[in-house]
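Asker: model this:
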Amino acid sequence: MTSVIDATNNIRHLIDQLQEKFDQQQEPVDRKDKAYFEVVKKETAPMFELNDQWLELASEYVKNREVKVHPNQVKSTHENIELLILHSYFFDVKKKRYRELNHSVHYVLDMIVDN
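Answerer: Numbering: from 1, shown residues only. Now for the predicted structure:
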């Protein structure tokens, strides 16, 4: 079983990769393009699984008061990671908002790793 620190580091690496993808965006994608949707679905499935695994481990870690992070922060971070994954493929958010989400996620992840 993966430790919460390993899972958190994996999520941080994923978020950094998604940031690079977002920064290299070309143009908005047609949301009705079924072929692109299938590609996104296939590529993001492991990302969502990793995020869900992290949520489970981090929730338990926080519940045991091993770190000064509130359980609601873990839940919000999980939701923000999902948003980052989707926004990295569909480019439907302004860069400022994406950076804010990214910063927020990194802040909580850093608190867990640096406890």
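
Asker: need the helices for the chain, in chain order.
Answerer: Assigned by DSSP state H, the helices in the chain fall at 4-23, 34-63, 71-90, 95-113.

Asker: Can you tell me which of those is most buried?
Answerer: Mean neighbour count (mean count of other CB atoms under 10 Å) peaks for helix 71-90 among these, with a mean of 18. For every residue, glycine as well, the C-beta is placed using N, CA and C.

Asker: measure the residue most central in space within the chain to residue 34 for me?
Answerer: Centroid check for the chain by CA atoms, centre = their mean gives residue 81 as the closest residue, at 2.4 Å. Distance, residue 81 to residue 34, using CB to CB, to the nearest Å: 25 Å.

Asker: how far away is residue 111 from residue 77?
Answerer: 10 Å.

Asker: Apart from its neighbours in sequence, what residue is nearest residue 51?
Answerer: residue 81 (4.9 Å; CB to CB, 6 or more residues apart in numbering).

Asker: for that neighbour, what are its contacts?
Answerer: Shown in contact with residue 81 (CB atoms under 8 Å, 6 or more residues apart in numbering): 11, 14-15, 51, 54, 105.

Asker: do you know how far residue 9 is from residue 32?
Answerer: 37 Å.

Asker: Give me the distance between residue 76 and residue 56.
Answerer: For residue 76, the distance to residue 56 - CB to CB - is 16 Å.

Asker: To clarify, my last question referred to residue 92.
Answerer: 29 Å.

Asker: and what of residue 46?
Answerer: 16 Å.

Asker: And for residue 47?
Answerer: Distance from residue 47 to residue 56, by CB to CB: 15 Å.

Asker: How about residue 67, nearest residue that isn't a chain neighbour?
Answerer: Per CB to CB, 6+ apart, closest to residue 67 is residue 115, 4.1 Å.

Asker: what's that neighbour in contact with, if anything?
Answerer: Residue 115 touches 66-68, counting by CB under 8 Å, 6+ apart.
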